[in-house]
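# Take this sequence and fold it.
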Amino acid sequence: MKKHNFYAGPSILTPYTIQKTADAVINFADTGLSLLEVSHRSKEFQAVIDEAAALTKELLNVPEGYHVLFLGGGASLQFCMLPFNLLKKKAAYINTGTWATNAIKEAKLFGEVEVVASSEDTKFNYIPKDFVIPADADYFHYTSNNTIYGTETRKDYDSPIPMICDMSSDIFSREFDVSKYDAIYAGAQKNLAPSGVTIVIIKEDALGHVDRPIPTMLDYRTHIKKGSMFNTPPVLPIYSALMTLRYYKEQGGVKEMERRDLEKAAMLYDEIDRNKLFRGTVAEEDRSIMNVCFVMNPEYAELEKDFFDFATSKGMVGIKGHRSVGGFRASLYNALPKESVQALIDCMKEFEAKH
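Next up, the predicted model:
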């Protein structure tokens with residue numbers, strides 16, 4: 001039976017990326033060595049990291065004056081690394097979910113944090129609007145896509161101060177203006193590669209302005225100077241990221257990925273809205289096209305486990321909602337084919353007919 005992978009992360013990768021990575025695990029760049037054992041200082045791997053950085057800049061139209069880094073520690077390390085390097089006195093944050101909450105907590109270790117808006121009052125089921133970003137803050141931070149709750153901001157804010165964005169779960173799914181940001185970061189395990197590497201796009205002019213001493217490993221300038229190789233980098237996920245970036249370019253770039261993602265999300269949301277058994281959980285204007293969250297309608301709540309078991313029997317994998325919210329979540333990352341979305345829709349229709 002074909003499996004349809006809706007996991008939220010680590011998540012689906014393209015067959016192209018999986019096959020190319022598997023080949024390199026056996027024989028990397030015709031060296032006769034496995035990717036798992038090759039030196040990161042070899043010219044063959046240096047070529048990998050150079051091309052991955054160059055393709056990231058090309059696909060995202062990164063202007064001059066920015067660096068692309070491949071770091072360990074996940075996006076969670078960036079929650080503290082960014083304020084460590086950039087927060088002088090005060091930072092502004094918008095709280096739209098668990099990961100934003102965690103980022104706010106870490107930033108408070110380094111200075112004042114003004115939470116300019118929050119949707120916590122209704123369990124993060126919408127994106128706040130009409131808030132004011134304070135002009136006296138050092139930066140404004142937001143999380144563009146909220147994997148647990150299924151909300152997403154698909155635009156660049158107009159900010160009077162530099163912006164930082166956690167794009168862990170929707171990077172490469174939309175075009176955006178990098179020049180509006182001092183930093184963008186994303187864990188790779190959604191739209192890029194296996195877990196283990198985090199991509200950071202950082203503006204050079206934003207660095208070097210805080211008075212506090214910064215530990216060597218937590219200073220972005222260390223990694224810029226060493227080309228992401230101050231310490232041994234996560235070699236395999238960086239190679240997989242390169243394969244995904246090559247695939248994106250071959251397919252038509254970020255614009256084409258966005259077109260496909262919008263189409264897939266529209267298909268599934270249309271079925272959720274049509275089907276008598278289900279309902280969406282977030283404000284329609286803020287629905288994520290990466291993580292579609294839904295629940296049973298109240299009168300059918302007792303069927304939740306039955307539907308999960310039925311969907312699993314049909315090859316649906318990873319559709320259970322996050323343990324903190326329950327219900328269902330279908331992650332529609334770039335690598336997920338349209339056919340898998342249709343398979344889930346067919347499953348929902350068949351279950352509706354039975355009940």
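# Can you verify my assumption that Glu152 contacts Glu285?
No: Glu152 is beyond contact range of Glu285, at 10.4 Å (criterion: C-beta atoms under 8 Å). Any C-beta I mention is one placed from the backbone N, CA and C, and that applies to glycine too.
# any low-confidence regions in this structure?
Along the chain, the model assigns pLDDT under 70 to no residue.
# Return the distance of the longest helix anywhere in the chain from the chain's centre.
Using DSSP state H to define each element, the chain has its longest helix at helix 253-274. Mean-position distance between helix 253-274 and its chain equals 17 Å (C-alpha atoms, centre = their mean, to the nearest Å).
# Just the buried residues of it, please?
Neighbour-count burial for helix 253-274 flags 253-254, 257-258, 260-261, 264-265, 267-269, 271-272 (criterion: 16 or more other C-beta atoms under 10 Å).
# What count of nearby residues applies to Asn102?
Neighbour count of Asn102, defined by other C-beta atoms under 10 Å: 16.
# With Phe351 instead?
By the criterion of other C-beta under 10 Å, Phe351 has 19 neighbours.
# dump the residue contacts of it.
277, 303, 306-307, 310-311 (C-beta atoms under 8 Å, 6 or more residues apart in numbering).
# Looking at those, which is nearest Ser144?
Ala311 (28.2 Å; C-beta to C-beta).
# Now for His141, which secondary structure element holds it?
Secondary structure assignment for His141, by DSSP states H and E: strand 140-143.
# What of Ala53?
Going by DSSP H and E, Ala53 is in helix 43-60.
# Following element in sequence after that helix, please.
Using DSSP H and E, the next helix or strand after helix 43-60 towards the C-terminus is strand 66-71.
# what angle separates that following strand from helix 43-60?
Inter-element angle recorded for strand 66-71 and helix 43-60: 130 degrees (by axes from the mean of the first three to the mean of the last three C-alpha atoms, to 10 degrees).
# Need the contact partners of strand 66-71.
Residues outside strand 66-71 that contact it (C-beta under 8 Å, 6+ apart): 49, 52-53, 56-57, 62, 77, 178, 197-204, 220, 223-224, 228, 233-234, 238, 241.
# Do a quick rundown of the strands in the stretch 151-300 of the chain.
Applying DSSP state E, counting those that start in this stretch to the stretch 151-300 of the chain gives strands spanning 151-152, 163-166, 181-187, 198-203, 278-280, 291-296.
# elements contacting the fifth one?
What that stands for is strand 278-280. helix 253-274, strand 291-296 (3 or more C-beta pairs under 8 Å, 6 or more residues apart in numbering; DSSP states H and E).
# Let me have those in TSV, extended by distance to Asn334.
Below are the helices and strands packed on strand 278-280 laid out as TSV (distance: least, C-beta to C-beta, whole Å):
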stretch	distance to Asn334
helix 253-274	5
strand 291-296	13
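# Out of those, which gets nearest to Gly318?
Nearest of these (C-beta to C-beta): strand 291-296, 11.1 Å.
# could you list every residue that touches the residue most central in space within the chain?
Centroid-nearest residue in the chain, with C-alpha atoms, centre = their mean: Ser169, separated by 1.8 Å. Counting by C-beta under 8 Å, 6+ apart, Ser169 makes contact with 8-9, 145-147, 186, 190-191, 290-291, 333.
# same check, this time on Phe45
Contacts of Phe45 (C-beta under 8 Å, 6+ apart): 28, 38-39, 235, 239.
# mind running it again at 7 Å?
For Phe45, the contact set (C-beta atoms under 7 Å, 6 or more residues apart in numbering) comprises 38-39, 235.
# Helices of this protein, residue ranges please.
15-26, 43-60, 74-86, 98-107, 220-225, 235-251, 253-274, 304-313, 338-354.
# quick revisit: show residues contacting the longest helix of the chain.
If you take C-beta under 7 Å, 6+ apart as the criterion, helix 253-274 is touched by 59-60, 172-175, 248, 278-280, 287, 289, 292, 294, 330, 332, 334, 336, 338, 341, 344-345, 348.
# tell me the angle of it relative to helix 235-251?
Angle of helix 253-274 versus helix 235-251, following the same axes, to 10 degrees, is 90 degrees.
# could you redo the helices of the chain as JSON lines and give each row distance to Arg323?
What follows is the helices of the chain, written out as JSON lines (distance: least, C-beta to C-beta, whole Å):
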{"stretch": "helix 15-26", "distance to Arg323": "27"}
{"stretch": "helix 43-60", "distance to Arg323": "33"}
{"stretch": "helix 74-86", "distance to Arg323": "18"}
{"stretch": "helix 98-107", "distance to Arg323": "11"}
{"stretch": "helix 220-225", "distance to Arg323": "34"}
{"stretch": "helix 235-251", "distance to Arg323": "25"}
{"stretch": "helix 253-274", "distance to Arg323": "21"}
{"stretch": "helix 304-313", "distance to Arg323": "13"}
{"stretch": "helix 338-354", "distance to Arg323": "21"}
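# looking at the ones you listed, which is closest to Asp136?
Of all these, it is helix 74-86 that lies closest to Asp136, at 14.9 Å by C-beta to C-beta.
# angle of the closest one against strand 181-187?
Helix 74-86 runs at 160 degrees relative to strand 181-187, counting by the same axes, to 10 degrees.
# burial count for Arg246?
16.
# Pull the contacting residues for it.
Arg246 makes contacts with Leu55, as judged by C-beta under 7 Å, 6+ apart.
# quick one on the thing from earlier: would you mind checking the contacts of helix 253-274 for buried ones?
59-60, 172-174, 248, 278, 280, 287, 289, 292, 294, 330, 332, 334, 336, 341, 344-345, 348.
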